[in-house]
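> coordinates only, no sequence provided:
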């Protein structure tokens, strides 16, 4: 699946959910013009749309953006996932990252915290 485009993964998610593209656009408030541009490769979804789509379909941003399944391609250091735990690894590499890249990582960390809280709330409702 790694060689699919972001749009192809989104299209597969829509199909798997049994939705129409029109219903998908209405539900997520995405214009059909944007969806068409994504399909033609003219543009790709921005960060806000990617997070929204990832959350709606309950898939990881890594999978949605790059086709990477959970656990694939995670850097390992001393048998521990590279970016987890203390933010030291991020801080020591900050000079290698552009401000935009640093901000994206921080946004992703906040999004991961949000998703975890949402899963915990949903789990609590089911119990």
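Done, it's in. Source: prediction; values computed, not measured.
> from residue 40, how far off is residue 60?
Residue 60 sits 25 Å away from residue 40 when distances are taken as CB to CB, to the nearest Å. No exception for glycine: its C-beta is placed from N, CA and C like everyone else's.
> who's more crowded, the two?
Each of residue 60 and residue 40 had its neighbours counted (other CB atoms under 10 Å), and the higher figure belongs to residue 60 (15 against 9).
> ok, the most centrally placed residue in the chain to residue 26 distance?
Here the mean C-alpha position of the chain is nearest to the C-alpha of residue 61 (CA atoms, centre = their mean), at a distance of 1.8 Å. When CB to CB is applied, the distance between residue 61 and residue 26 equals 23 Å.
> check residue 107 too.
For residue 107, the distance to residue 26 equals 26 Å [CB to CB].
> please identify the buried residues of the helix or strand containing residue 63?
Secondary structure assigned from DSSP states H and E places residue 63 in helix 61-66. Of the residues in helix 61-66, those with enough neighbours to count as buried (16 or more other CB atoms under 10 Å) are 61-64.
> residues in contact with stretch 110-126?
Contact partners of stretch 110-126, identified using CB atoms under 8 Å, 6 or more residues apart in numbering, comprise 51, 55, 61.
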